[in-house]
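Participant: dropping a prediction and its sequence here:
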Amino acid sequence: MLKQNWKLDRVKRLFFCLDQVIYNGVYQTIKKIRRWDIAFICEGC
């Protein structure tokens, strides 16, 4: 029972880490796209 719990905890922690990495990656990409969009819009003005 304890071993199973430990495994579940590791899996949860792994998914949390992956979630953070994916979230940070997506956030950085959105920031870059936004900056690029603003530059593109300003060039059109």
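Facilitator: That came in fine, so what should we check first? Residues are numbered from 1 along each chain as shown.
Participant: tell me the pLDDT at R34?
Facilitator: We note a pLDDT of 82 for R34 in this prediction.
Participant: from F40, how far out is it?
Facilitator: Using CB to CB, to the nearest Å, one obtains 10 Å as the distance from R34 to F40. For the C-beta atoms, the positions are set from N, CA and C on the backbone; glycine is no exception.
Participant: again with D9
Facilitator: According to CB to CB, D9 stands 46 Å off from F40.
Participant: just F16 next, same as before
Facilitator: In this view, F16 and F40 are 36 Å apart by CB to CB.
Participant: and the gap between L8 and D37?
Facilitator: Distance from L8 to D37, by CB to CB: 42 Å.
Participant: hmm, I typed the wrong one, I wanted K3.
Facilitator: For K3, the distance to D37 (CB to CB) stands at 51 Å.
Participant: between these two, which has more neighbouring residues?
Facilitator: Ranked by neighbour count (other CB atoms under 10 Å), K3 and D37 place D37 first, with 10 against 7.
Participant: got the phi/psi numbers for the more buried one?
Facilitator: With angles defined as degrees, to the nearest 10, D37 sits at phi -60, psi -40.
Participant: what does the pLDDT read for it?
Facilitator: pLDDT, D37: 77.
Participant: just L8 next, same as before
Facilitator: You'll see L8 listed with a pLDDT of 87.
Participant: helix, strand or coil for V11?
Facilitator: Of the three states, V11 takes helix according to DSSP: H, G, I helix; E, B strand; the rest coil.
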